[in-house]
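Q: coords please:
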Amino acid sequence: MKENHFEEKIVSVEKFKDFRGLDLSNKDFRNISIDILMTTDFDSLTKWPSQEKLPVNFNPEAILENGKNPGLGLDELHKQGVTGKGINVAIIDQKLDLNHKEYSSNVVDYEEFGKSKKEDISMHGPAVASLFVGKSCGVAPEARLHYKAIPSGDNQNWEYSAESLNKIINYNDTVEDKNKIKVVSYSNGYPNPFFKGDLDNWKKTIEKARESGIIVVDGNTLIDSNFIGGGSFDDKENIDKYNKWLGLEDDKKKEGLYIPYSLQGEDGIIIPCDYRTVASSQKEKNGYLFLHTVGISGSVPYLAGLFSLMLQVNKNLKMEEMTKIIHDTAITNKNGLKIINPKGIIDLVKSIL
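A: Residues are numbered from 1 along each chain as shown. Predicted coordinates for the structure are as follows:
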């Protein structure tokens, strides 16, 4: 748990504060606007003051629960059985907490590469697993997950990414089609100043995987396909509530960004990533974490999840076909922003069977 640096006073709160694991029970937030508080990160270990010392309509417990909803009609699709069932998928990311109830029953294979074996469980791995295949947070809650853990921090290296993806390619060569890994989610992109190693080899490995029929979704896929991040704080079913990626406002988060968001078109389709609740890697067993923005790390598994749902309905679809379907079915909201339309996507996929 983090040390409480707010023990003596909170006179004001700026945007993008990190309240994870903090005891705020003796503070008074009544004069802080919801617009500020909705940009904070907190978790199920955060101790908030009583409701009378919080702004009207700011209920942390309800926000934490509401943030699990992937929104945009996905819950209804799940009730109809469109859940990613029967689709094998993979994530290449940081070390995972294998025991969290959100996704533990989805994991069928887990492997660690390089120094990830000696690292602590990250917050990133549980987050992307939640958004992809999570039981309450995920787009494809019944997909079967193969997980490849690669090093983080100073140990990040393109060679581990390539090694893990090659393992997936080789695995597919040894199993029948129903067991092949169809979609790989990799919440990263290039150029990336934090990674060492041979980037060209990583690019060639992605090409090799795609040529073998594997759909690889990474940060660059978003730009190449004219997708952007965004989200809705409160009503995740209402497209008019969606706005562009909140992280663009956060100067601290903009430092060192490897994905050139300036290259994204103004007419890009929003793939949700903001205001999401994910499995927490903190000390509380089966805890949850609310993040004001997950950035491309959240949009990538969301998109990979949608591809998985589409493949469940029609296993013969190619990545280019699915991308076109997403563009053809997108809905424009009252703010002129294009929003992904999961129900429209699945309806169109069914119509072309």
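Q: where are the low-confidence patches of the stretch 1-150 of the chain?
A: Of all residues in the stretch 1-150 of the chain, those with pLDDT under 70 make up the ranges 1-12.
Q: Quick one: the helices in it, in order.
A: Per DSSP state H, counting those that start in this stretch, the stretch 1-150 of the chain carries helices over the ranges 34-37, 60-66, 74-79, 124-133.
Q: For the second one, buried residues please.
A: Spelled out, that is helix 60-66. Residues 60, 63, 64, 66 are the ones in helix 60-66 that count as buried (16 or more other C-beta atoms under 10 Å). For glycine as for every other residue, the C-beta is placed from the backbone atoms N, C-alpha and C.
Q: what sits against the closest residue to residue 38 other than its chain neighbours?
A: Closest residue to residue 38 apart from its sequence neighbours, by C-beta to C-beta, 6 or more residues apart in numbering: residue 233 at 4.9 Å. The neighbours of residue 233, taking C-beta atoms under 8 Å, 6 or more residues apart in numbering as the test, are 38, 241, 274, 275.
Q: Among those residues, give me the pair with the biggest separation.
A: Farthest-apart pair in the contacts of residue 233 is 38 and 241; separation 12.0 Å (C-beta to C-beta).
Q: partners of residue 47 in the sheet?
A: Applying DSSP bridges to residue 47 gives these bridge partners: residue 23.
Q: At which residues are the strands of the chain located?
A: 42-43, 88-93, 107-112, 144-149, 181-186, 215-218, 227-231, 243-244, 269-272, 274-279, 288-293, 331-332, 338-339 (DSSP state E).
Q: Include mean neighbour count when you put the ones you listed into JSON lines, please.
A: Below are those laid out as JSON lines (neighbours: other C-beta atoms under 10 Å):
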{"stretch": "strand 42-43", "mean neighbour count": "24"}
{"stretch": "strand 88-93", "mean neighbour count": "27"}
{"stretch": "strand 107-112", "mean neighbour count": "15"}
{"stretch": "strand 144-149", "mean neighbour count": "24"}
{"stretch": "strand 181-186", "mean neighbour count": "25"}
{"stretch": "strand 215-218", "mean neighbour count": "24"}
{"stretch": "strand 227-231", "mean neighbour count": "26"}
{"stretch": "strand 243-244", "mean neighbour count": "17"}
{"stretch": "strand 269-272", "mean neighbour count": "25"}
{"stretch": "strand 274-279", "mean neighbour count": "27"}
{"stretch": "strand 288-293", "mean neighbour count": "24"}
{"stretch": "strand 331-332", "mean neighbour count": "14"}
{"stretch": "strand 338-339", "mean neighbour count": "22"}
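Q: now the ones you listed as a markdown table including distance to residue 100?
A: Listed next are those as a markdown table, based on distance: least, C-beta to C-beta, whole Å:
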| stretch | distance to residue 100 |
| --- | --- |
| strand 42-43 | 13 |
| strand 88-93 | 14 |
| strand 107-112 | 10 |
| strand 144-149 | 12 |
| strand 181-186 | 17 |
| strand 215-218 | 22 |
| strand 227-231 | 22 |
| strand 243-244 | 30 |
| strand 269-272 | 21 |
| strand 274-279 | 4 |
| strand 288-293 | 9 |
| strand 331-332 | 33 |
| strand 338-339 | 29 |
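Q: Which one, of those strands, ends up nearest to residue 325?
A: Closest among the strands of the chain, using C-beta to C-beta: strand 269-272, at 11.5 Å.
Q: roughly how far is the closest one from the heart of the chain?
A: From the chain centre to the centre of strand 269-272 is a distance of 12 Å (C-alpha atoms, centre = their mean, to the nearest Å).
Q: can you list contacts of it?
A: 70-72, 222, 226-232, 236, 242, 244, 298-299, 302-303, 326-327, 330, 337-340.
Q: Just the C-alpha atoms of that strand, please, in PDB.
A: Presented in PDB, the C-alpha positions along strand 269-272 are these (Å, rounded to 0.1, in the frame of the first residue of the first chain):
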ATOM      1  CA  ILE A 269     -13.300   5.700 -34.700                       C
ATOM      2  CA  ILE A 270     -13.200   5.700 -30.900                       C
ATOM      3  CA  ILE A 271     -12.300   2.400 -29.300                       C
ATOM      4  CA  PRO A 272     -13.000   2.700 -25.500                       C
END
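Q: Who are the contact partners of residue 13?
A: Residue 13 sits next to 29, 32, 36, 37, 40 when contact means C-beta under 8 Å, 6+ apart.
Q: now with 10 Å?
A: Residues near residue 13 by C-beta atoms under 10 Å, 6 or more residues apart in numbering: 6, 19, 27, 29, 31, 32, 33, 36, 37, 39, 40.
Q: Neighbours of the residue lying closest to the last one once chain neighbours are set aside, how many?
A: For residue 40, ignoring the flanking residues on the chain, the nearest one in space by C-beta to C-beta, 6+ apart is residue 17 at 4.7 Å. Residue 17 is flanked by 17 other residues according to other C-beta atoms under 10 Å.
Q: separation between residue 17 and residue 29?
A: Using C-beta to C-beta, to the nearest Å, we find residue 17 at a distance of 11 Å from residue 29.
Q: list residues touching both of residue 38 and residue 241?
A: 233, 234, 275.
Q: Geometric centre of the protein: which residue is closest?
A: Geometric centre of the chain, nearest residue: residue 298, 2.3 Å, by C-alpha atoms, centre = their mean.
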